[in-house]
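Colleague: No sequence on hand, only this structure:
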């Protein structure tokens, strides 16, 4: 699918399929086209061209039917802040036309899922961030959709709420729901069954976390130096082809073979008077893959323009 | 269209309105404030215009004429003056708008049956009032003169050997016998309030959902664009009609303006006009992305046409042709004509059907265009 906003192409020929019951992670820097993709899949934004099927339903042809099968949680809290927790749940139970028989039970269930049983009469706008997220999830899941879209669900949420939230996601996947989630956090990406990396509106890499990590060509070197910040700046300037990234106080570099990089690195550091403390080959983390892929797809002389998933 | 979904939206909207105190205040207090401001503020008639008298003649005749001025109800006494300087000073201070100057020989000349004059000075800085004041003054002087002639003839016991043809002008102001401008203004005020409130409320409620992002969540639900708009608008149609009832009641109790015609017809036209303002509001909301922008645009497209181009204050008959042509597209024009017909003349649909037709056409096309735009944008 393709989506243009005037002259700007936000999503540029993205193609992928997600299996039933999968947790599918959609990764990419800000402005890469993640939210635009999700919005098109949820029928909020019409694609400029392309085809979208959600749960076997053509989103463009029958948006109402498609929307019955999905639950959507937006990046920004988008429930009514001037309604109470209970009123928000009630509102969406009406919008999704839950059957009167099971409605009350279902609503109470969502209140429990949100962990807000004792806050039902509080205005949604007064809730702390983590509770807002859970309420948003509760409202989006009331009609028990088989497919759930989560757009950066844990942005701005404390670590404990984040962990709880991912436990919930894992539970939903176990129940057979298909989860499509965008995130910035690499530890969250590790929880996904499959990942797609998107940059500048194009998918640049995809696969399971293990595949992606092993797909990394060449070696990954971890360097401890006396002055990590200066070292990072110097490598970035002198050896941009090594896709340097800073992990805490450690510098990660990639290249085809160890000796070549090491030689160039020592030359640069000698000039800058930086001492190398340790230099060890390590196995790639997702973050390494992410940085490498994004940087190589950003540079105009990138060797391969990235894979597409089917 | 699923009524359960629409009902859910309507219910939610009312909960929100009830919770938003300032908004509720806007809906009910704003119209009343506007009514009071316009109702008391705009006057085309003059009443008790402060008048000073400089009476050099100090005669029974001069006192009699001055008395007639004050008794007319158009002028009130602002005391006596003793010179042009003083009159000018009183004018400057705004204490007087009109001055009557009786020359020293006013009484004696009249008594002798000779020609004399009385001078009227008017503060012309308020052109409208000045013109009216001179008109009323002329009328009073002419009546006084006629009385004098009759009196004189009777005194002398003269009977003319022939009949003198006399044409007297008898004017009757139909529909508004006392020429109270509030009767004329109230329908205009209704149009202004209804179009501002209707358009603004609709635009604000929809743009508000866009700006706060709540629309995004709703858009991901099976709720259709049509259902969304219906559910959002219905509460405001009801509120606009409540506003209408409020203004009609306030017009009656505060300003003693009764409705000559049928309430049902009044209600029918209000409903038509509300549909038009909602269409306008939807259009505003379809092209603005911020509440601030929506509010400005709503004011612009409602306030100016409903005050300047509706015939509220300036008669459309006096407009130059191009401007006149534009007023045919102004829904406020038809509503004001209908309201004046119903309020003042008590006429029915047999007379007002063109207004009904034009309002329906404007409303239908506005709603049609915006709904189409809305639908196209969504999916």
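Modeller: Good, I have the coordinates. All of these numbers come straight from a predicted model, not from anything done at the bench.
Colleague: Only C-alpha atoms from now on, for both contacts and neighbour counts.
Modeller: Fine.
Colleague: doesn't residue B:140 fall inside a strand?
Modeller: No. Read with DSSP: H, G, I helix; E, B strand; the rest coil, residue B:140 is helix and lies in no strand.
Colleague: Can you name the residue of the stretch 1-150 of chain B nearest to chain A?
Modeller: residue B:5 (4.8 Å; C-alpha to the nearest C-alpha).
Colleague: In three-state terms, label that residue for me.
Modeller: Three-state call for residue B:5 (three-state DSSP): helix.
Colleague: what sits against the nearest residue to it once chain neighbours are set aside?
Modeller: Distances taken as C-alpha to C-alpha, 6 or more residues apart in numbering or on different chains place residue A:95 nearest to residue B:5, at 4.8 Å, with adjacent residues excluded. By C-alpha atoms under 8 Å, 6 or more residues apart in numbering or on different chains, residue A:95 lies in contact with B:4, B:5, B:8, B:9, B:221, B:222, B:223.
Colleague: Which members of those are classed as buried?
Modeller: B:5, B:8, B:9, B:221, B:222, B:223 (16 or more other C-alpha atoms under 10 Å in any protein chain shown).
Colleague: okay, those residues in a markdown table with secondary structure next?
Modeller: Formatted as a markdown table, those follow (three-state DSSP):
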| residue | secondary structure |
| --- | --- |
| B:5 | helix |
| B:8 | helix |
| B:9 | helix |
| B:221 | coil |
| B:222 | coil |
| B:223 | coil |
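Colleague: Next, count neighbours for residue B:18.
Modeller: Neighbours of residue B:18 under the rule other C-alpha atoms under 10 Å in any protein chain shown: 12.
Colleague: Okay, and it sits in which element?
Modeller: helix B:3-19 (DSSP states H and E).
Colleague: Can you list the low-confidence ranges for chain A?
Modeller: Scanning chain A for pLDDT under 70 picks out A:216-217, A:299-310.
Colleague: What residues does it have near chain B?
Modeller: Residues of chain A lying near chain B by C-alpha under 8 Å from any C-alpha of the partner chain: A:42-46, A:60, A:63-68, A:71-74, A:76-80, A:82-83, A:91, A:94-97.
Colleague: need the residues of chain B near chain A, please.
Modeller: Counting by C-alpha under 8 Å from any C-alpha, chain B sits next to chain A at B:4-5, B:8-9, B:12, B:15-16, B:19, B:212-217, B:219-224, B:377-379.
Colleague: how far away is residue B:305 from residue B:323?
Modeller: 11 Å (C-alpha to C-alpha, to the nearest Å).
Colleague: With residue A:92 instead?
Modeller: Relative to residue B:323, and taking C-alpha to C-alpha, residue A:92 is found at 49 Å.
Colleague: again, but for residue A:27
Modeller: Remark: distance between residue A:27 and residue B:323 (C-alpha to C-alpha) = 59 Å.
Colleague: now residue B:94
Modeller: 36 Å.
Colleague: Does anything pack onto the helix or strand hosting residue A:112? Which helices or strands?
Modeller: For residue A:112, the element it lies in under DSSP H and E is helix A:100-114. On a contact count with 3 or more C-alpha pairs under 8 Å, 6 or more residues apart in numbering or on different chains; DSSP states H and E, helix A:100-114 meets helix A:85-95, helix A:129-141.
Colleague: coming back round to it: pick the one among the contacts of residue A:95 closest to residue A:262.
Modeller: Distance to residue A:262 across the contacts of residue A:95 (C-alpha to C-alpha) is lowest for residue B:221, with 55.7 Å.
Colleague: check contacts around residue 243.
Modeller: With no chain named, the answer covers chain A. A:236, A:253, A:254, A:291, A:292, A:295, A:296.
Colleague: Correction: the question concerned chain B.
Modeller: B:27, B:28, B:31, B:194.
Colleague: taking those one by one, which sit in helices?
Modeller: B:27, B:28, B:31, B:194 (DSSP state H).
Colleague: does the nearest residue to residue B:221 once chain neighbours are set aside belong to a helix or a strand, and which?
Modeller: Nearest non-adjacent residue to residue B:221, counting by C-alpha to C-alpha, 6+ apart: residue A:67, 5.5 Å away. Here residue A:67 sits within helix A:63-68, counting by DSSP H and E.
Colleague: Please enumerate the strands of the stretch 51-200 of chain B.
Modeller: B:75-80, B:98-102, B:119-122 (DSSP state E, counting those that start in this stretch).
Colleague: count of neighbours near residue 92?
Modeller: Unless you meant another one, I'm taking chain A. By other C-alpha under 10 Å, the residues close to residue A:92 number 25.
Colleague: you looked at the wrong chain, it should be chain B
Modeller: Applying other C-alpha under 10 Å, we find 12 residues neighbouring residue B:92.
Colleague: quick one: the helices in the stretch 101-250 of chain A?
Modeller: Assigned by DSSP state H, counting those that start in this stretch, the helices in the stretch 101-250 of chain A fall at A:129-141, A:159-174, A:186-190, A:209-215, A:228-238.
Colleague: For stretch A:41-61, give me every contacting residue.
Modeller: A:1-4, A:36, A:39-40, A:63, A:65-67, A:69-70, A:72, A:146-147, A:149, B:216, B:219-220, B:377-379.
Colleague: ok, 6 Å please
Modeller: Outside of stretch A:41-61, the residues within contact range by C-alpha atoms under 6 Å, 6 or more residues apart in numbering or on different chains are A:1, A:2, A:3, A:39, A:40, A:66, B:219, B:220, B:379.
Colleague: cool, and stretch B:332-343?
Modeller: Stretch B:332-343 is contacted from outside by B:187, B:188, B:259, B:260, B:261, B:306, B:310, B:347, B:355, using C-alpha under 6 Å, 6+ apart.
Colleague: Among the residues you listed, which one has the most neighbours?
Modeller: residue B:306 (29 neighbours).
Colleague: Which elements pack onto the strand or helix carrying residue B:361?
Modeller: Counting by DSSP H and E, the element that carries residue B:361 is helix B:349-378. Secondary-structure packing of helix B:349-378 (3 or more C-alpha pairs under 6 Å, 6 or more residues apart in numbering or on different chains; DSSP states H and E): helix B:263-287.
Colleague: the inter-axis angle of the helix it packs on versus helix B:349-378?
Modeller: 20 degrees (axes from the mean of the first three to the mean of the last three C-alpha atoms, to 10 degrees).
Colleague: Going by neighbour count, which residues in helix B:263-287 are buried?
Modeller: Buried-residue list, helix B:263-287, by 16+ other C-alpha under 10 Å: B:265-266, B:269-286.
Colleague: ok, now stretch A:245-265?
Modeller: In stretch A:245-265, counting by 16+ other C-alpha under 10 Å, buried: A:245, A:246, A:250, A:251, A:252, A:253, A:254, A:255, A:261, A:262, A:265.
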